[in-house]
Structures are given as C-alpha cells and as structure tokens.
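Peer 1: Quick one: sequence and predicted model below, then my questions.
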Amino acid sequence: MWAARAKTTFIKNYEYKKNQPYVVISNHLSNLDSMLLFRFLKIKWVFMAKKEVYKLPIFKTAAKAFNFIKVDRTIKNDNENIKSKIKNKVIVITGAARGLGKNFALDLANRGAKLALADINQELLEEVRKTCEQAGTEARAYDLNVAEEKAVEGFFDQAVSDFGTVDVLINNAGITRDGLIARSKDGEIKKMSLANWQAVIDVNLTGSFLCGREFFVKLLEHKKPGVCINISSLSRSGNMGQSNYTATKAGVAEMTVTWAKEMARHGIRVAAIAPGYINTEMTSSIREDVKQKIIDQIPLKRMGEPNEISHSVFYILENDYFTGRVIECDGGFRI
C-alpha cells in the first residue's frame, strides 16, 4: 500500500478546477488503491472496473454502492471488427499495380485479406505482391487486360482455382486520355480522337462491367454472398477536358445502383466510391499551378490521401446494410 499512499499524497496536493473532468489511472499494487483515491478528492467520481473483479465479494459490494461502470475488455473495438470482416477473405483488386489499387492492396494485406491482384503492369504488380506477402498474407499477381472478355473470364476461373473462392471485388482499373472534345487554337481546329474516347470506355466502363459480371457468376455458382466495390470519381458529375472519363465514371456509378438491385436477392451487396483529387500517380502529372488552383477550391484545402479512400472500403465491407449507394470522398469539393 506504500505506492498507493504516495500516489494519493500527490493527488491530494494537486489543485483541481471545478467542473473540470479528469481521468485517474492507478498503478494497482492493490485492488484497494483506486477505491481509496476518491477520499482525497472533493469532486464527483465515476468508477470503471474490469468485469473480472466483480467476482470478488468485497469489490462487488463496493461497486454496487458507488455505481461502478463494468468494463468488458473482451469486446472487440472498431478496428478489430473491421479486421474480422476482412481477415482471410479473398479480395480481387484490379488496377492493383499503382495508385489507389496498390494502396487498397497494402491496407487490406495488413488486415489479413487474401489478395488476387490484377494489372497489365506485371513488374510493378510483382512488387506490390511481395510487399503484401511481407505483411503475412497470401497474395497472387495476375496479368490482366480488363477490356478483354476472354481474359477476364480466364482470370476469375484461375483466381477461384488458386484460392478456392472469391469474396470481394474492388473494380478499380482505370485510365485517362484527357482532352477537350473540340477546340480552336491559332485558327486550327482539334478534336478528341475516337481512339482516345474508346480506350477509356473499354477499360473504365466495359472493363468494370466484365469484371463485375464474372465476379457475380462465381458467387452464384458457389451460392454465396459477396461484396462488389466499384471505383467511380468526382468527375462523374462532369469535368472539363474529360468527356470520356466522365462518361465512364458516371456509368460505373449508375451500374452500381442497377447491380445492387439485381444482386440483393442473392445476398450480394454492390457499392461505389467516388474519390476527389487524391495524391496518386494519376494526379502527380498535374502542373503545380493547376494543382494549387484545385486545392484552393477544396474546402479542406488539401488533396486526399489514398489511405483515406481505403477507409471507405473498410466501411462498405463492415456495414452489411450498405448497398446501392456511392460514397463521395472528396474533401467537400464540387466540380
């Protein structure tokens, strides 16, 4: 009890302010020390104690007399609940070699997910795979062009063969080919090429459709629930110089609503995330003066970070009642 007396002497001499909340943590050389502390303080007390000590007859009586709050330390916190929804789930991520896809992979690996990583850039993808495995999880890399139907079908067949199942799809693969639909400069008329239009449509929209379709097929074949997360964009509302990209991201958002309605009867949820300007390779090419003008329009006065979009992924995976909706994570910015 010597340590308890030393502690209470210090507390007794401390000058407390009225109506000021305090948290006092005792060092517990005895189960009585925390109970003795209140005697020296002329303030209102609320005691908390772990549920295990309620088994002690004397403590149980004291706890009842002083209205102790029982604390159950076996209840999982939010991070543990999220992790339990993710651990050992087989999660497919397209466009996983860089940007948001890479960040999704690393964050999910740290939460124990098994990862089927797909991209056309095999060199970068292999680096991501190795990093994920260093986190102690199983990760496989697949060479995939999401715009090719047979390739997508074969990829999902192989992923199921390798992992035994699939649980989650993050439809992330995407490209940009920015440019005004038509413009006049120095008397010369230029226009967006059909090739640039079609390339973005093929990857961002058709690719999302093909991957979503094959993912649903695998879930239906195995008669199991699952979650599809489509990556849309703030640009879906219309962004200058992005006719092609805007069309695809608006399409992805509306496919999300349609798929959610169609697949709900099978226990499959479908949601989307519409990021704003995020610090990734895609935005790194923006000129600094243009980037600053963008930041000036964002209420939070900064661009987002990839891990902040990962939090939206975790929310969708954790919340079993969330489907058919798009989460906008853009710092409050509106185009």
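Peer 2: Structure's in. What do you need? Numbers count the residues shown, from 1 in each chain.
Peer 1: rest of the way, CA atoms for contacts and neighbours
Peer 2: Will do.
Peer 1: V217: neighbouring residues, count only.
Peer 2: 14 (other C-alpha atoms under 10 Å).
Peer 1: Same check on Y277?
Peer 2: There are 24 residues near Y277, going by other C-alpha under 10 Å.
Peer 1: Repeat that for D330.
Peer 2: D330 sits with 22 neighbouring residues when counted by other C-alpha under 10 Å.
Peer 1: ditto for S193
Peer 2: Around S193 there are 12 residues (other C-alpha under 10 Å).
Peer 1: cool, and G251?
Peer 2: Neighbours of G251 (other C-alpha under 10 Å): 19.
Peer 1: Could you list the buried residues of stretch 321-332?
Peer 2: By 16 or more other C-alpha atoms under 10 Å, the buried positions in stretch 321-332 come out as T323, G324, R325, V326, I327, E328, C329, D330, G331.
Peer 1: can you list contacts of it?
Peer 2: Stretch 321-332 has contacts (C-alpha atoms under 8 Å, 6 or more residues apart in numbering) with 234, 253, 256-261, 269-277, 298-300, 302-304, 309, 312, 316.
Peer 1: likewise stretch 244-252?
Peer 2: So stretch 244-252 is contacted by 176-178, 196-198, 200-201, 204-205, 208, 230-233, 235-239 (C-alpha under 8 Å, 6+ apart).
Peer 1: So which of the residues you listed sit within helices?
Peer 2: Within those, residues falling in helices by DSSP state H are N196, W197, Q198, V200, S208.
Peer 1: What count of nearby residues applies to the last one?
Peer 2: The reference is to S208. Neighbours of S208 (other C-alpha under 10 Å): 26.
Peer 1: quick one, what contacts it?
Peer 2: S208 makes contacts with V146, N171, N172, A173, N230, V252, as judged by C-alpha under 8 Å, 6+ apart.
Peer 1: which among those gets closest to V92?
Peer 2: Relative to V92, the closest of these is N171; by C-alpha to C-alpha it sits at 8.2 Å.
Peer 1: Quick one: mean pLDDT over the longest helix along the chain.
Peer 2: For the chain, the longest helix by residue count, based on DSSP H, is helix 243-263. Per-residue pLDDT over helix 243-263 has a mean of 97.
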